[in-house]
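Visitor: Okay, sequence plus prediction incoming.
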Amino acid sequence: MSGTTLLAEGIACGLHRVERLMRQRGLHARPRRRDLPKDAGKRSLVAGNMLDRQFSADGPNQKWVADFTYSWTAEGGLY
């Protein structure tokens with residue numbers, strides 16, 4: 001919650017109080033992303049088709065699948 005949001009809700013705080021409290025606790029604001037990172041055109045290797053459309057399993061946690069095109073990581077966007 002930012003200082004202006006706190007003031008709008010009627011909670012009194014100084015100009016730099018939120019910043020100081022966050023710094024004391026080791027917290028950092030996450031900057032807002034303006035747009036997606038530019039595509040450099042490099043492609044990684046495609047993993048082999050290990051399941052070959054055999055999706056049934058004898059028990060839980062034996063086969064995991066996912067379908068996504070973009071995921072945010074600590075280093076940035078990942079395709």
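Guide: Here it is on my side, so go on.

Visitor: can we go C-alpha only for contacts and neighbour counts from here?
Guide: Will do.

Visitor: The residue nearest to the spatial centre of the chain pairs with what?
Guide: Nearest to the mean C-alpha position of the chain, counting by C-alpha atoms, centre = their mean, stands residue 72 at 4.3 Å. Note on residue 72: beta-bridge partners by DSSP bridges are residue 77.

Visitor: State which helix of the chain is the longest.
Guide: Using DSSP state H, we find that the single longest helix of the chain is helix 17-24.

Visitor: Quick check, the residue nearest to the centre of the chain in contact with residue 78.
Guide: Yes - between residue 72 and residue 78 there is a contact at 6.1 Å, judged by C-alpha atoms under 8 Å.

Visitor: circling back to that earlier point, buried stuff in the longest helix of the chain?
Guide: residue 18 (16 or more other C-alpha atoms under 10 Å).

Visitor: in this protein, which spans are helices?
Guide: Counting by DSSP H, the helices of the chain are 3-8, 17-24.

Visitor: Return the mean pLDDT over the shortest one, rounded to an integer.
Guide: So the one you mean is helix 3-8. Across helix 3-8, pLDDT averages out at 72.
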